[in-house]
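Asker: After the sequence you'll find the predicted model.
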Amino acid sequence: MRYIWLVIFIFKVGALSAQFGKQALPDSVWLQGRWQASWISCPGTSLKDYGVFHFRRVFDLKDKPGSFVVNVSGDQRYRLFVNGVEVCNGPARGDLANWRFETIDIAEHLTEGKNVLAAVVWNFGEFTPLAQMSHQTAFILQGNTASEQIVNTGNNWKVYKNEAYQVPSKRPTRSVVGAGDEVDAALYPFGWEGTTFDDSTWLKPRSVGAGFPRGKFPQWDRMLVPRNIPFMEHRFQRIAEVERTENIVVSNDFLSGKSPVQIPAHQKVKILLDNVVLTTAYPVLKVSGGKGAKITIGYAEALVDQEGNKGNRNDVQGKVMDSDYHDIFKPDGGDDRVFQPLWYRTYRYMELRIETADSPLMLNDIHAYFRAYPLEEKGYFRSDNPTLSSIWDMGWRTARLCAGEIYYDCPYYEQLQYLGDTRIQALISLYVSGDDRLVRNAIEQFRHSLLPDGLTQSRYPSSQPQVIPTFSLFWVAMIHDFWMHRDDESFVKEQLGGVKNVLAWYERQVDHTGILGPMDWWNFVDWSFGKWNPVKPLGGVPPGGMDGHSAIISLQYAYTLQMAAQLFRNFGEPELAAKYENQAKSLMEKTYALCWSAEKGLLADTPAKIAFSQHANIMGLLAGAFDNRQQPQQVMKNLLAAQDIVSSTYYFRFYLHRALEKAGMSEDYLQHLYPWEEMLKNGLTTCAERPEPTRSDCHAWSAAPNYDFLSLVSGIKPASPGFKTVRIAPHLGTLTHIEASMPHPYGAIKMNLKRKGKKGVSGTIELPDNLSGVFEWEGKTIHLTPGIRKIEI
């Protein structure tokens, strides 16, 4: 079944991966037993410490082949070249028990006669990004069939340690994405990836073990599994503007690549560049001359003033780049030298700080290659309110930059896949792109992260384990989301053992009060700084989150139990489903009895009824704790009106908006977009992590409006598991007109609707073949079938 899915995956990725070689299928033999190729590395050097290594294999072909498929991986990472052309890089991030390899057809880059396969492999040692797992420096390449095995890694390859890369002096502060590169061009083997390079002095590699697929050997260093996502988008990108300079004049013509800039000898200059929008990209600097010069390239999301405030991101007056996130390149005086960092950089602003020695330096060009998961913007939302289009663009850019080989919480500071962010990101991916491959990958990776006590890790892959129990509950919710949006019961079923483990951990935390008692780990809920007193050094923990009896987390547990009950009833375990339903009911009853304040008309955060928050009542609404007890709409009005309670920040507003729906107040949704309107006013081009002063200017969990515009305003929701039917119930609020499209597995769901008078609506709904459903408006229901249906109410 897994191999069948891999076949479907490869068929699906072709057009998206055109910028590199063609992804292909591994021969099934390499999924069943020992590889004939060996993991190879460099002799006489530490395989654990920082180092950059080059590998080459020169070979001859009698004819240009029609197909030439290889399977390739590296540790920590590699870039593979064929006759000087980069064809792929990787491996896609995973863990040692699920170490990805890429399969690629390189035939189009091969020729009759002499050919060269070349790879650069690096290990960042103590500066390794937190999301990067690793065993030791190594490279492996396995020909797919007998005719391709002439290039298997072994003694016929050569290796070279690149001493041009200097060990970083420190890791950038406030960042776990790895250190910048420092390269001395005088030591660099330029042309190493090409066919004319002389590698006669290079060493024979050291074999460091055989390659084994997952589950086919009782002990392992890395268990090899096929890549399950497409290659990243790799697109040429120009930098937009020269913002300011010191001790030199540089025009925007330089950024077009047509107007080189000469820097005289013995000069210190600065050139600040503005990309206008945040990006994730590999910067490429081309220079000539300048022997002995030092070029420092700094990167920042925003500039800061003397107090460290970012303010409006478009304003640069009186602001500086306060960041030690940089690369250093030292030219050797040669012509057309090219510097590109090993890993991509995140920036809006880029600053070149240059100090020349005895020779002038010519800056020939600087550009970049955009890098992100190849999400396509198939969905859209348009309306008579242009601000919503700006919010959509800001959110979609955030979603793009926060998706690589895994989902990222933020591309600048962490590049870690956190469950709290990932659930929201997954829904955005499904609704805007229709691409579910990164969603599947994330769900599986968190299953791989499960700990013996039953919880998932909060972020994964990660070399440093971290546990946030509330995020484990959102993993269960994410599986339920997938079940509702995709018809793949075998995939969902694989996750159910983990769901049981998570819920069993929580069951053990319920004490004599009937709600959750004291709990270990980091019981994070939201970044409500200054409002909740955290147990240092942890933040975002509400009252009762550590010492017990948190209404918020107890009700989140109940909310999750309800989703789990639906899953297990569908998958043939009605007794367990009934147990979960009863547990959820009991939790809601006990929490309401202990924490309801009639005076405030709200649930308190704990039975002490001293602290109150939106969060407890949001979770109460989502779980149905007020049903048959209070009017949900009145509770929602109370929590929105209260001035002395803890409010939701950007992350938890995703759940606030779900609670608006549950309370029947979706028509009010547009009134709650003021945080995103403020972001736009502050010059942000992506969604901030939290209210000012924010750390991250690009944070995935804040991009929720892209999902809301299609699921809440346009009202497109699955009406049955697998999205086999659809329910469309728009909530236009103050809008008079919307156009929307959402990519369903069967095809696009489209709508074009206009208000008619105070309560009427007219327009069209279009469903793809094989999809039926209902349209609901002001208490009226219209049955929908495939094709275009006119709406007139």
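Answerer: Nice, thanks for sending it over.
Asker: which stretches of the stretch 1-150 of the chain form strands?
Answerer: With DSSP state E, counting those that start in this stretch applied, the stretch 1-150 of the chain shows strands at 22-23, 38-41, 51-61, 69-75, 77-82, 85-90, 99-105, 113-123, 138-143, listed in chain order.
Asker: Mean neighbour count and mean pLDDT for these - can I get that in CSV?
Answerer: Any C-beta I mention is one placed from the backbone N, CA and C, and that applies to glycine too. What follows is those, written out as CSV (neighbours: other Cβ atoms under 10 Å; pLDDT from 0 to 100):
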stretch, mean neighbour count, mean pLDDT
strand 22-23, 22, 90
strand 38-41, 25, 98
strand 51-61, 19, 98
strand 69-75, 26, 98
strand 77-82, 22, 98
strand 85-90, 21, 97
strand 99-105, 24, 98
strand 113-123, 21, 98
strand 138-143, 27, 98
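Asker: I'd like those as TSV, with distance to Thr470 appended.
Answerer: Converted to TSV, the strands of the stretch 1-150 of the chain look like this (distance: least, Cβ to Cβ, whole Å):
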stretch	distance to Thr470
strand 22-23	37
strand 38-41	39
strand 51-61	40
strand 69-75	33
strand 77-82	32
strand 85-90	32
strand 99-105	29
strand 113-123	35
strand 138-143	38
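Asker: of all those, which lies closest to Ala564?
Answerer: strand 99-105 (29.9 Å; Cβ to Cβ).
Asker: what's the angle from the closest one to strand 138-143?
Answerer: For strand 99-105 and strand 138-143, the angle between their directions (axes from the mean of the first three to the mean of the last three Cα atoms, to 10 degrees) works out to 40 degrees.
Asker: Next, the angle from strand 99-105 to strand 69-75.
Answerer: 150 degrees.
Asker: Could you number the chain from 56 rather than 1 from now on?
Answerer: From this message on, residue numbering opens at 56, which makes the last subject strand 154-160.
Asker: Which elements pack onto strand 154-160?
Answerer: Helices and strands in packing contact with strand 154-160 are listed as strand 77-78, strand 124-130, strand 140-145, strand 278-281; criterion 3 or more Cβ pairs under 8 Å, 6 or more residues apart in numbering; DSSP states H and E.
Asker: Check which residues of the helix or strand just after the last one are buried.
Answerer: Proceeding C-terminally, strand 278-281 gives way to strand 288-292 as the next helix or strand, assigned by DSSP states H and E. Residues Glu288, His289, Gln292 are the ones in strand 288-292 that count as buried (16 or more other Cβ atoms under 10 Å).
Asker: Quick one: distance of strand 288-292 to the chain centre.
Answerer: When distances are taken as Cα atoms, centre = their mean, to the nearest Å, strand 288-292 is centred 18 Å away from the chain's centroid.
Asker: average model confidence for it?
Answerer: When the per-residue pLDDT values of strand 288-292 are averaged, the result is 97.
Asker: Same question for stretch 328-346.
Answerer: Summarised as a single mean, pLDDT over stretch 328-346 is 98.
Asker: Pull out the buried positions in that stretch.
Answerer: 328-330, 333-346.
Asker: what about the strands in the stretch 506-655 of the chain?
Answerer: Under the criterion DSSP E, counting those that start in this stretch, the stretch 506-655 of the chain contains strands at 651-652.
Asker: and if you look at the stretch 256-405 of the chain?
Answerer: Using DSSP E, counting those that start in this stretch, strands in the stretch 256-405 of the chain cover 261-265, 267-268, 278-281, 288-292, 296-301, 316-318, 323-344, 349-355, 381-385, 392-394, 400-410.
Asker: right, so of these, which gets closest to Gly139?
Answerer: Of those, nearest to Gly139 by Cβ to Cβ is strand 392-394, at 12.5 Å.
Asker: got the buried residues for that closest one?
Answerer: Arg392, Phe394.
Asker: With stretch 84-99 instead?
Answerer: Within stretch 84-99, the residues scored as buried using 16+ other Cβ under 10 Å are Trp85, Leu86, Trp90, Gln91, Ala92, Ser93, Trp94, Ile95, Ser96, Cys97.
Asker: Not counting its own residues, what contacts that stretch?
Answerer: For stretch 84-99, the external contacting residues (Cβ atoms under 8 Å, 6 or more residues apart in numbering) are 58, 102, 106, 108, 110, 126, 130, 191-199, 204, 207-209, 212, 214-216, 258-268, 271-272, 276, 279, 281.
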